[in-house]
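Novice: Following is a predicted model, sequence given first.
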Amino acid sequence: MSGPMRPRVAIVGMAIESSAYSEHRAGYRDFAVREGDEVVTRYGFLAPGTALRDAAEWIGVFYARSIPGGRVHRHVYDDFKERMLRGLAAASATAPLDGIYLDIHGAMSVDGMDDAEGDLIDAIRALVGTEPLVSAPMDLHGNVSERLALGVDLPTCYRLAPHEDAWETRERAALNLLEWIGRAGRPRRAWVRVPILLPGEKTSTRVEPARGLYGMIPAIEALPGVTDASIWIGYAWADEPRCHATVLVTGDDDTVIKREAERLAHRLWDVRDEFSFVGPTGTLDEAIAASIAHRDAGGGRPYLVSDSGDNPGAGGSGDVTWTVGRLLEMPSLTRPGAPVTYVASIFDAAAIEKLWTYGVGDEVDVLAGARVDGRVAGPVRITGQLVSLHDADPDAGRVAVVRRGGVHAVVTEFRKAYHAASDFAAIGLEPSAADIIVTKIGYLEPTLYDIAKGWTLALTPGPVDQDLGRLGHSRIERPMHPFDSFDRAPSLTARML
């Protein structure tokens, strides 16, 4: 530490989940950027007067976060990295840094680059050296290369999917960092590459076997000599050599952390064939038929349908029109008196410009969507009554709702994931008034999960297709489950770092 003073910890980070199969490219508008004190105030556990805030001098440097999407433009990444490095250099100039809190996702891809987080930690280490301890909270859908694991002393990840423990994980990363800054020596890491690559919708901790796997972690962490134990399921829609599951245990007892890392890895491998979709699946037609049958049987509102192939929350482009186009062709949904159906969303700034020339209540005719990603389906013709116009959504920009029969199609100016009940209510679409809600999502996020009276995970096409075999991975290390069969069990020996 820096003498008798409180430890000095700088906070930096850049977080996005990037699909290699999305035509979207993440630019400046996609990222919410904070610098200086605004970085520190993002973390509720660092609010003034809290024990963690008082335990160290927290130096906000730079943090950028985006909803998932496609690869990041290289010039944007280079700019953000340079701003982090300049800030760290300035923070180090006044006094040495004892620690760096590196807030990342773990599945960022950048044009022309493999292992973006590995590149970032290497650049940070080249600047600050090996002395400051680095702690990194991550998404369990991150990809932890050996390169990243070598540079980060104290990595940890979420233990719930959906990620209801995101802030708990960030706080744990801060606590682990301060604990080790106050100790002699440095943490050791036992890193295991596990050749499994599965979509998140098959690995939700709401169900087994993921629930049981992550349920093993508290007992491991309670062992003497262990600081943290983590399982990264990995991110299936990237296509890089680092895409695989990872187990990593940190602590100061090599024997214990190696043993426990290998035990977790073997357990993960043993249950690899038990992973299945977290909810009932079907085609889009089957999902709509099930939702109508549910309504006719008096099952209650709303019935949720996941348009999983273009889920922006997993890296989808967000403007794939395949689903909305088919819904608008279904007589059962577009006739008078049809089930009230919300469909969210597609983004198209040009379509919004045209819709803004109409008044609410007018009959409209507009082509929308597929401007970014038209590989699966082209722009869709939306005709019907303009129900509402909304302005100044911080993510979506301007929003229009067009009704044709029972279908209420949501068109936005910019990409937005409609993953919360409040997202619909904010544009006048009360969830409890809908028979069916079709939204670009995979497993249901908490508020939608809570209100769903029924649900189908529709296996639709798109850049985050649940059928990984249709995507054409070519750069992952093989063999890999479930792409390949294994003649013998893989080596799951921990590498000590």
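Specialist: Alright, I've got the coordinates.

Novice: And the strands in the stretch 151-300 of the chain?
Specialist: 154-157, 188-194, 226-232, 245-251, 281-282 (DSSP state E, counting those that start in this stretch).

Novice: what's the average pLDDT for the third one?
Specialist: So the one you mean is strand 226-232. Strand 226-232 carries an average pLDDT of 98.

Novice: about what we covered before: the strands of the stretch 151-300 of the chain: which one's closest to residue 311?
Specialist: Closest to residue 311 of the strands of the stretch 151-300 of the chain is strand 281-282 (CB to CB; 14.0 Å). In this view, the C-beta of every residue, glycine as well, is placed from N, C-alpha and C.

Novice: Neighbouring strands - and their directions - for that closest one?
Specialist: Strand 281-282 pairs in its sheet with strand 454-458 (parallel), by DSSP bridges.

Novice: and the partner strand, average pLDDT?
Specialist: On average, strand 454-458 scores 98.

Novice: Output the contacting helices and strands for the helix or strand that comes right after that strand.
Specialist: Counting by DSSP states H and E, the next helix or strand C-terminal to strand 454-458 is strand 495-496. Other helices and strands packing on strand 495-496, by 3 or more CB pairs under 8 Å, 6 or more residues apart in numbering; DSSP states H and E, are strand 188-194.

Novice: Quick one: mean pLDDT for the strand it packs on?
Specialist: Mean per-residue pLDDT for strand 188-194: 98.

Novice: please begin residue numbering at 356 from this point
Specialist: Yes, from this point I'll number from 356; that puts the last item at strand 543-549.

Novice: then it to PDB, C-alphas only?
Specialist: The C-alpha trace of strand 543-549 is given here as PDB (Å, rounded to 0.1, in the frame of the first residue of the first chain):
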ATOM      1  CA  ARG A 543      -2.900 -17.200  -7.100                       C
ATOM      2  CA  ARG A 544      -5.300 -18.400  -9.800                       C
ATOM      3  CA  ALA A 545      -6.200 -21.900 -10.900                       C
ATOM      4  CA  TRP A 546      -7.500 -21.600 -14.500                       C
ATOM      5  CA  VAL A 547      -9.200 -24.400 -16.400                       C
ATOM      6  CA  ARG A 548     -10.400 -24.200 -20.000                       C
ATOM      7  CA  VAL A 549     -13.500 -26.400 -20.500                       C
END
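
Novice: tell me which strands and helices that strand is in contact with?
Specialist: The contact analysis (3+ CB pairs under 8 Å, 6+ apart) places strand 543-549 against helix 501-506, strand 600-606, helix 609-625, strand 850-851.

Novice: what distance separates it from the centre of its chain?
Specialist: Offset of strand 543-549 from its chain centre (CA atoms, centre = their mean, to the nearest Å): 23 Å.

Novice: Can you list the strands that it pairs with?
Specialist: Strand 543-549 has its sheet partners listed here by DSSP bridges as strand 600-606 (antiparallel), strand 850-851 (antiparallel).

Novice: domain ranges for this protein?
Specialist: Here the domain assignment for the chain is 363-543, 636-820, based on automatic domain parsing.

Novice: Could I get those domains in CSV, plus columns for distance to residue 578 and mean neighbour count?
Specialist: Converted to CSV, those look like this (distance: least, CB to CB, whole Å; neighbours: other CB atoms under 10 Å):
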stretch, distance to residue 578, mean neighbour count
domain 363-543, 14, 20
domain 636-820, 31, 20
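
Novice: Can you lay out these as TSV showing distance to residue 852?
Specialist: As requested, the domains of the chain are arranged in TSV below (distance: least, CB to CB, whole Å):
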stretch	distance to residue 852
domain 363-543	6
domain 636-820	29
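
Novice: top strand in this structure by residue count?
Specialist: In the chain, ranked by residue count with DSSP state E as the criterion, the top strand is strand 735-748.

Novice: got any ranges where the stretch 706-852 of the chain has weak pLDDT?
Specialist: Under the criterion pLDDT under 70, no range of the stretch 706-852 of the chain is flagged.
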